[in-house]
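[1] Dropping the sequence and predicted coords here.
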Amino acid sequence: EAGVVQSPRYKIIEKKQPVAFWCNPISGHNTLYWYLQNLGQGPELLIRYENEEAVDDSQLPKDRFSAERLKGVDSTLKIQPAELGDSAVYLCASSPGQSPVYEQYFGPGTRLTVT
Amino acid sequence: KNQVEQSPQSLIILEGKNCTLQCNYTVSPFSNLRWYKQDTGRGPVSLTIMTFSENTKSNGRYTATLDADTKQSSLHITASQLSDSASYICVVSESGYSTLTFGKGTMLLVSP
């Protein structure tokens, strides 16, 4: 069974440019998460989806970040415009449900560099 | 505010040696605690998960312990291998919520 798929794996853009990341969760996983991970830090939750509904987006900087999960399967995370401080790894994870007893399975991440 | 603190921040050991990583947390009410291994350039992968009633859990050469009274956990790695070089992240779940609180991780380097 395929794991969580993310693309691209690496992205280099100039500041003020837009960028988008794509995530395809494990088949059958209703809950999808986007995390931001800075170097030497643990992941920080940006947004959590339950099917197509964003149930926790309190940590998403909504002035420049947006996300969608149409049809409740794959998801995209967008930044527009990108800033230097957005350079980080963006991780996508999925789990069978919302309960904390369910394990979250992580994708390999997208490493974003903003120059 | 829920917090997870890990120590040491980084560690270098010789191949074949054992090591122990520490995790202290303030998450309450507690649901479970996980240890994740994150190889460079990869996403975290779960090693162990422990609930309130479990005080030890093994996965091969990895053994995690949990003291829910003192809110401390440790991850012991036996007979380390070069492939153990990675970041080890302690993650705690709050009861009733799917949001996880992540530690900053311990960067382990196993040297030949």
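    That came in fine, so what should we check first?
[2] how about the strands of the chain, start to end?
    In the absence of a named chain, chain A is used. A:5-7, A:10-13, A:19-24, A:31-37, A:44-50, A:53-56, A:65-68, A:75-79, A:88-95, A:105-106, A:110-114 (DSSP state E).
[3] nope, chain B please
    Under DSSP E, chain B gives strands at B:4-7, B:10-14, B:19-25, B:30-38, B:45-51, B:56-59, B:62-67, B:72-77, B:86-94, B:100-102, B:106-111.
[4] Next, the angle from the fifth one to strand B:86-94.
    Yep, that's strand B:45-51 we're talking about. Going by axes from the mean of the first three to the mean of the last three CA atoms, to 10 degrees, strand B:45-51 is angled at 40 degrees with respect to strand B:86-94.
[5] helices or strands up against strand B:45-51?
    strand B:30-38, strand B:56-59, strand B:62-67, strand B:72-77 (3 or more CB pairs under 8 Å, 6 or more residues apart in numbering or on different chains; DSSP states H and E). Quick note: C-beta positions are derived from backbone N, CA and C, even for glycine.
[6] returning to what we had before: wait, which of the strands of chain A is closest to residue B:9?
    Closest approach to residue B:9 among those (CB to CB): strand A:31-37, 16.0 Å.
[7] what lines up beside that closest one in the sheet?
    strand A:44-50 (antiparallel), strand A:88-95 (antiparallel) (DSSP bridges).
[8] Of the helices and strands packed on strand B:45-51, flag the one that's most buried.
    When you average the neighbours per residue for each of those (mean count of other CB atoms under 10 Å in any protein chain shown), strand B:30-38 leads with a mean of 22.
[9] Next, the residues that contact that one from outside, please.
    With contact meaning CB atoms under 8 Å, 6 or more residues apart in numbering or on different chains, strand B:30-38 is reached by A:100-101, A:103, B:23, B:25, B:44-52, B:62, B:64, B:66, B:68, B:71, B:73, B:75, B:86-97, B:100, B:105.
[10] re earlier: how about the strands paired with strand A:31-37 in CSV, adding mean neighbour count, mean pLDDT and distance to residue B:32?
    CSV is the format used below for the strands paired with strand A:31-37 (neighbours: other CB atoms under 10 Å in any protein chain shown; pLDDT from 0 to 100; distance: least, CB to CB, whole Å):
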stretch, mean neighbour count, mean pLDDT, distance to residue B:32
strand A:44-50, 20, 94, 17
strand A:88-95, 24, 96, 13
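[11] how about a markdown table for the ones you listed, with distance to residue A:56 added?
    Shown next, in a markdown table, are these (distance: least, CB to CB, whole Å):
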| stretch | distance to residue A:56 |
| --- | --- |
| strand A:44-50 | 4 |
| strand A:88-95 | 13 |
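[12] Find the nearest non-adjacent residue to residue A:46, please.
    Computed as CB to CB, 6 or more residues apart in numbering or on different chains, the closest residue to residue A:46 that is not its neighbour in sequence is residue A:34, at 4.4 Å.
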